[in-house]
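**Q** pasting the sequence and the predicted model now:
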Amino acid sequence: MTDLSSASLIHPFAVVDPAARVASDVIIGPYSVIDGGVEIESGCWIGPHVVIQGNTRIGPDNRIFQFASLGAEPQDKKYNAEPTALEIGSGNTIREYVTINRGTVQDDGITRVGQDNWIMAYVHIAHDCSIGNASVLANNATLAGHVHISDHVTLGGATLIHQFCHIGEYAFTAYGARINKDVPPFMMIGEGKAHPRGLNVEGLKRHDFSEQRLQTLKEAYRILYRSDLSLEQAIEQLLPLERVSADVALLREFLGKSGRSIVR
């Protein structure tokens, strides 16, 4: 934990509880409201009209734009004022009107956002969600409770994700995708009712996946989606590729752990 101080660059029209722990170089804009249970580490910029509540811990170098609401009570009727939390890592950009709620005791009590994520306007991240690192959540993406987003994921605008779904590494969803099952790593999901549209090839190329890695994943995609195999049979058929590809090993591990089955 960074050494925190009560002194900071707080606009005189901001309302910051004296019990809040705010690093000395944090900028807080006018009319923002910071509760007493909040911790904000060094290098953060908090714009005007931001509300940060509850047991919320914000790591270094985050930018939080106007009218964002972080750490409010979960939208869950079972919530009964338990001391749950929100944890946000470092280097995130959180744009206008983003809402991120605290966790619930029905899960482990913590909503988590990792580092270097780009969270665009009007995104909603519900209670007990977990966002990995270096992902992009485009405008109006909406995550129900207990959703897990892995690293390097891109959610297109207005993507809707049902509770308890998991989205694997490097996955991509199109504008308006409606996700009610798990999305395996590396996959591209089309608009509307979730359906596979191939590998996220362009995204993988941008992350410097070699042609050999792409060809191996294309073969894995063929086995999983174009071979008329059951999911259990496809997982078995992927085993030889797993022995030569860490990417396929990651894919098989995800498939084996899926609790909701997968978009297929």
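**A** The structure has been received and is ready for your questions.
**Q** okay, buried residues for stretch 129-142 please.
**A** Buried positions in stretch 129-142, judged by neighbour count with 16 or more other CB atoms under 10 Å: 129-133, 135-142. Backbone N, C-alpha and C define where each C-beta goes, glycine included.
**Q** which two among those are spaced furthest apart?
**A** The most widely separated members of the buried residues of stretch 129-142, counting by CB to CB, are Asn133 and Asn140 (22.0 Å).
**Q** gap between the lengthiest helix in the chain and the chain center?
**A** The longest helix of the chain (DSSP state H) is helix 211-225. How far helix 211-225 lies from its chain's middle: 26 Å, per CA atoms, centre = their mean, to the nearest Å.
**Q** give me the contacts around that helix.
**A** For helix 211-225, contacts defined as CB atoms under 8 Å, 6 or more residues apart in numbering pick out 184, 186-187, 196, 198-199, 201, 204-205, 209, 229, 234, 237-238, 241, 244-245, 247-248, 251, 255, 264.
**Q** going through the residues you listed, which ones are buried?
**A** In the contacts of helix 211-225, burial by neighbour count holds for 184, 186-187, 196, 199, 204, 209, 234, 238, 241, 245, 247-248, 251, 255, counting by 16+ other CB under 10 Å.
**Q** quick one: which of the residues you listed sit in strands?
**A** Met187, Pro196, Leu199 (DSSP state E).
**Q** save the residues you listed as JSON lines, and put in pLDDT and distance to Arg112 too.
**A** Below are these laid out as JSON lines (pLDDT from 0 to 100; distance: CB to CB, whole Å):
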{"residue": "Met187", "pLDDT": "98", "distance to Arg112": "23"}
{"residue": "Pro196", "pLDDT": "95", "distance to Arg112": "28"}
{"residue": "Leu199", "pLDDT": "97", "distance to Arg112": "28"}
